[in-house]
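Engineer: I need the structure of the sequence given here:
(one chain, ligands or ions: 2)
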Amino acid sequence: MAIDRFGRNIHYLRISLTDHCNLRCVYCMPEDMTFRPNADMMQDDEILFLTRLFASLGFDKIRLTGGEPTVRANIVDIVRGITSTEGIRSVSMTTNGVLLKKLSQPLADAGLQRVNVSVDTLDPDKFHRLTRWGKLDDVWDGVLAAEQAGLTPIKLNAVVVKGYNEDDVVDLAALTYDHPWQIRFIEMMPFAGATDLQTQQVVTMAQIQEKIESEFGKMEIANNGKLDGEARVFHLHGAKGDVGFISSVTHPFCSACTRARLTSDGRLRLCLLREKEVDLLTPLRAGATLEELRHLILNGVWEKPWGHGLADGVIPLNRVMSEIGG
Ligand code: SAM
Ligand code: SF4
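Structural biologist: Ligands and ions are numbered 1, 2, ... in the order given. Purely as a prediction, here's the structure:
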């Protein structure tokens, strides 16, 4: 079991399969982003080896992310390898959905259980402006294909950005009347090279909730008031689905955090918003023993920071979101 010095049992690993992406969302990366060479990234066998190692330390829940995980070559085989790893009981993916129309069924057949799809607005023009390159229709087809393939419950993630999509939260929340989905609104966070957009165009959970409730009336608290992952969950009267808020900026959930991240270049990152990392790939390639690697992981987890420092103006400077794995 991997325990940190605050007594939290860390058993949830988010693996970034690549830092590459087929979109360029304005809040995530610059349009001229340069990506890591493939040789610097974990190779397929290294991902599966490290997954087995983490599983042997009690990690039982995996989320595949990126960058965009579906652009990784051999994605279906990687998923199959991870889902068949002893000790892993839950495997899900966060994706922009662009390739889900063709990949949903093969991924489900390979054992993937659920997807979270990022959809920031239901307006095609605004969607293109936010993602720079995306077509909303592709993503919508992807969401429906995921539902058809049983990658459920479907969760949609929307980062809310002032001047881009703050009024679209109402239409997104309204989806829950007709679909048993969870629509999750995410407060934008600042990363390396933080842009004015990331720091000055944040829309808070309170502002989003107010917009939704002024249209549809007060929401009830759902999930018995407990966090669903990192989301605080609410329910519109008569709706089939739920509305969630991931409000890392105004309501951090650090005390309940059970996660660690493995970056695509094989670093164990202990907190999304802190720079502390432990290099696992270099020692692995240099022939470190299983015991040495286990030690690195357990020591790293022990030193997991208590929480982020956004309230004190501390921003992680060593990577942007797509390089960490959101
Ligand atoms: N490409 C996939 C996607 O977009 O879903 C997975 C990787 S993406 C980095 C994971 C999540 O992080 C997405 O839901 C995305 O909207 C969110 N995200 C990206 N940049 C963010 C930022 N600056 N603040 C908050 N969330 C962000
Ligand atoms: Fe790509 Fe996801 Fe970042 Fe958008 S949020 S640029 S889809 S990694």
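Engineer: can you list the residues of the stretch 101-250 of the chain near ligand 2?
Structural biologist: Residues of the stretch 101-250 of the chain lying near ligand 2 by CB under 6 Å from any ligand atom: Ser118. C-beta here means a position set from N, CA and C on the backbone, and glycine is covered the same way.
Engineer: how about the helices in the stretch 101-250 of the chain?
Structural biologist: For the stretch 101-250 of the chain, the helices defined by DSSP state H, counting those that start in this stretch cover 124-131, 136-148, 169-178, 196-200, 205-216.
Engineer: tell me the pLDDT at the closest residue to Cys257 other than its chain neighbours?
Structural biologist: The shortest distance from Cys257 to any non-neighbouring residue, by CB to CB, 6 or more residues apart in numbering, is to Arg8 (6.5 Å). pLDDT, Arg8: 95.
Engineer: repeat that for Ala194.
Structural biologist: According to the prediction, Ala194 has pLDDT 66.
Engineer: number the residues from 35 up from this point.
Structural biologist: Yes, from this point I'll number from 35; that puts the last item at Ala228.
Engineer: touching, Asn108 and Asp78? I think so.
Structural biologist: Yes. Counting by CB atoms under 8 Å, Asn108 touches Asp78, with 5.7 Å between them.
Engineer: how about the strands in the stretch 185-334 of the chain?
Structural biologist: Ranges of strands in the stretch 185-334 of the chain, per DSSP state E, counting those that start in this stretch, are 189-194, 216-221, 254-255, 266-269, 276-280, 293-296, 301-303, 311-313.
Engineer: of the ones you listed, which approaches ligand 1 most closely?
Structural biologist: Among these, the nearest to ligand 1 by CB to the nearest ligand atom is strand 189-194 (3.7 Å).
Engineer: who does that closest one pair up with?
Structural biologist: Sheet pairing for strand 189-194, assigned by DSSP bridges, gives strand 148-152 (parallel), strand 216-221 (parallel).
Engineer: distance to ligand 1 for the ones you listed - can I get that in TSV?
Structural biologist: Output for the strands paired with strand 189-194, formatted as TSV (distance: least, CB to the nearest ligand atom, whole Å):
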stretch	distance to ligand 1
strand 148-152	4
strand 216-221	5
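Engineer: could you dump these to TSV with mean neighbour count?
Structural biologist: As requested, the strands paired with strand 189-194 are arranged in TSV below (neighbours: other CB atoms under 10 Å):
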stretch	mean neighbour count
strand 148-152	24
strand 216-221	24
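Engineer: relative to Asp299, which of the ones you listed is closest?
Structural biologist: With CB to CB as the measure, strand 148-152 is the member of the strands paired with strand 189-194 nearest Asp299 (22.5 Å).
Engineer: I'd like the average pLDDT over that closest one.
Structural biologist: 98.
Engineer: again, but for stretch 317-333
Structural biologist: Summarised as a single mean, pLDDT over stretch 317-333 is 98.
Engineer: for the stretch 35-184 of the chain, which residues are neighbours of ligand 1?
Structural biologist: With CB under 6 Å from any ligand atom as the criterion, the stretch 35-184 of the chain meets ligand 1 at residues Cys55, Tyr61, Cys62, Thr99, Gly100, Glu102, Thr128, Thr129, Asn130, Ser152.
Engineer: and these, which is closest to Leu146?
Structural biologist: For those, the nearest to Leu146 is Thr129 (10.2 Å; CB to CB).
Engineer: tell me the spacing between the closest one and Thr104.
Structural biologist: From Thr129 across to Thr104, the span is 5 Å (CB to CB, to the nearest Å).
Engineer: same thing with Arg303?
Structural biologist: Going from Arg303 to Thr104 by CB to CB gives 21 Å.
Engineer: over to Leu178?
Structural biologist: With the distance defined as CB to CB, Leu178 ends up 16 Å from Thr104.
Engineer: which one's more surrounded, the two?
Structural biologist: Neighbour tally, Leu178 and Thr104, criterion other CB atoms under 10 Å: the higher count belongs to Thr104, 26 against 16.
Engineer: which residues touch whatever residue of the chain ends up closest to ligand 1?
Structural biologist: Residue of the chain nearest ligand 1, by CB to the nearest ligand atom: Gly360 (2.7 Å). By CB atoms under 8 Å, 6 or more residues apart in numbering, the contact list for Gly360 reads Arg48, Cys62, Thr99, Thr128, Leu306.
Engineer: bridged to the third one, which residues?
Structural biologist: In this structure, Thr99 has the following beta-bridge partners (DSSP bridges): Ser50.
Engineer: the bottom helix or strand of this protein by mean pLDDT?
Structural biologist: helix 355-358 (a mean of 79; mean pLDDT, DSSP states H and E).
Engineer: now that helix: buried residues?
Structural biologist: Burial within helix 355-358, assessed by neighbour count using 16 or more other CB atoms under 10 Å, is assigned to Met355, Ser356, Glu357, Ile358.
Engineer: can you lay out those residues as CSV showing distance to Asp143?
Structural biologist: Converted to CSV, these look like this (distance: CB to CB, whole Å):
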residue, distance to Asp143
Met355, 30
Ser356, 28
Glu357, 30
Ile358, 29
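Engineer: which residue packs closest to Asp94, ignoring adjacent ones?
Structural biologist: Leaving aside its chain neighbours, Asp94 sits nearest to Arg123 (4.9 Å; criterion: CB to CB, 6+ apart).
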